[in-house]
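Visitor: Following is a predicted model, sequence given first.
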Amino acid sequence: MTHREGRRQTIYMYLFLSPWLIGFFVFALYPILSSLYLSFTDYDIIHPPVFVGLANYTEMFDNELFWKSVIVTLRYTIISVPIQLILGLGFALLLHQKIPFRGFFRTAMYFPSMVSGVAMSLLWYWIFNPQIGLFNYVLSWFGIKGPAWLMNPDTSLYALIIMSLWTVGTGMILFLAGLQGVPASLIEAAELDGAGRFKTFLNVTLPMLSPVLLFQLIMGAIDSFQVFTQAFVMTQGGPNYSTWFYVYNLYTSAFKEYRAGYSSALAWVLLIVVMLFTALVMKLSNRYVHYEGGGNK
């Protein structure tokens, strides 16, 4: 290949890459850098941004609603994510067995995850209705008077946590894929050694599923940090700020108070927290996550 032909192929390569490169620089990199700059400004969308340095970040950490949103989001994450992991793994173990119609049950479990966030929120808004809702109706069978779920600051967050279990089928599918990748030879070796089902699960199956657990832990936590649709559609952040999630606080600052600079600072703090959380979990996982090649990484 001559020098001219090599140069022509290089030009063709960049020519074919140009749609992606233009899209990346215009619709991804430029907005990201603009957001970083705006986080150091006082910008109300209408008037030109005014540089204020770290004022937005200083105000953020002195803002009571900021800390309220952090506490609400952390409570949701700490409760919701482990329950979703446990239920997803439990359903996966059940539907991994040779039971009748397991294909139907797998599809039925996963199907709710395909419903859009707004439609799901409207559905659950009706389910949690204190007068005609399905949830309180079922509780009445057992003589329990259900609360006003979304209207009570003591129960509204827990209602959204219950609602989050609606999409546990996504985790179940991932665990099913992981279970199918567990070598049968390891299971058979454990059985020959006299290990029962529980010990086999604890010492063979669970370590082999640890990469899937790690992935779902990270993705589940990141998703929980970004909860918005449920709070916006069902509760509007209330009552009494009980569902004032971090991203809802960000949305309110940007599109209700028109403080784009302050909301950009909120977004960058969220990004940094997600990066630090992911790095910390990956660092701690070196001891507990086992890969098929053998050993930890």
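Guide: Perfect, I can see it now.
Visitor: all contacts plus neighbour counts: C-alpha atoms, from now on.
Guide: Noted.
Visitor: Any stretches of the stretch 151-297 of the chain with poor pLDDT?
Guide: For the stretch 151-297 of the chain, residues meeting the criterion pLDDT under 70 lie at 292-297.
Visitor: Give me the packing partners of the helix or strand harbouring Ala92, helices and strands only.
Guide: Assigned by DSSP states H and E, Ala92 falls within helix 64-95. Of the remaining helices and strands, those touching helix 64-95 by 3 or more CA pairs under 8 Å, 6 or more residues apart in numbering; DSSP states H and E are helix 102-110, helix 156-164, helix 168-180, helix 206-225, helix 246-251.
Visitor: List the buried residues of the second one.
Guide: For helix 156-164, burial by neighbour count (16 or more other CA atoms under 10 Å) applies to 156-161, 163-164.
Visitor: ok and it relative to helix 206-225, angle-wise?
Guide: Orientation of helix 156-164 against helix 206-225 (axes from the mean of the first three to the mean of the last three CA atoms, to 10 degrees) gives an angle of 130 degrees.
Visitor: Kindly export helix 156-164 (C-alpha atoms) in PDB.
Guide: Coordinates of each C-alpha in helix 156-164 appear next as PDB, following Å, rounded to 0.1, in the frame of the first residue of the first chain:
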ATOM      1  CA  SER A 156     -45.200   8.100  50.900                       C
ATOM      2  CA  LEU A 157     -41.500   7.200  50.500                       C
ATOM      3  CA  TYR A 158     -42.200   3.500  51.400                       C
ATOM      4  CA  ALA A 159     -45.000   3.500  48.800                       C
ATOM      5  CA  LEU A 160     -42.500   4.400  46.200                       C
ATOM      6  CA  ILE A 161     -40.100   1.800  47.500                       C
ATOM      7  CA  ILE A 162     -42.900  -0.800  47.100                       C
ATOM      8  CA  MET A 163     -43.600   0.500  43.600                       C
ATOM      9  CA  SER A 164     -39.900   0.000  42.700                       C
END
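Visitor: circling back to that earlier point, compute the inter-axis angle for the helix holding Ala92 and helix 102-110.
Guide: Per the same axes, to 10 degrees, the angle that helix 64-95 makes with helix 102-110 is 180 degrees.
Visitor: how far is helix 64-95 from where the chain is centred?
Guide: From the chain centre to the centre of helix 64-95 is a distance of 9 Å (CA atoms, centre = their mean, to the nearest Å).
Visitor: now stretch 149-167
Guide: Stretch 149-167 has its C-alpha centroid displaced from the chain centroid by 16 Å (CA atoms, centre = their mean).
Visitor: Could you do stretch 96-113 as well?
Guide: Chain-centre distance of stretch 96-113: 23 Å, with CA atoms, centre = their mean.
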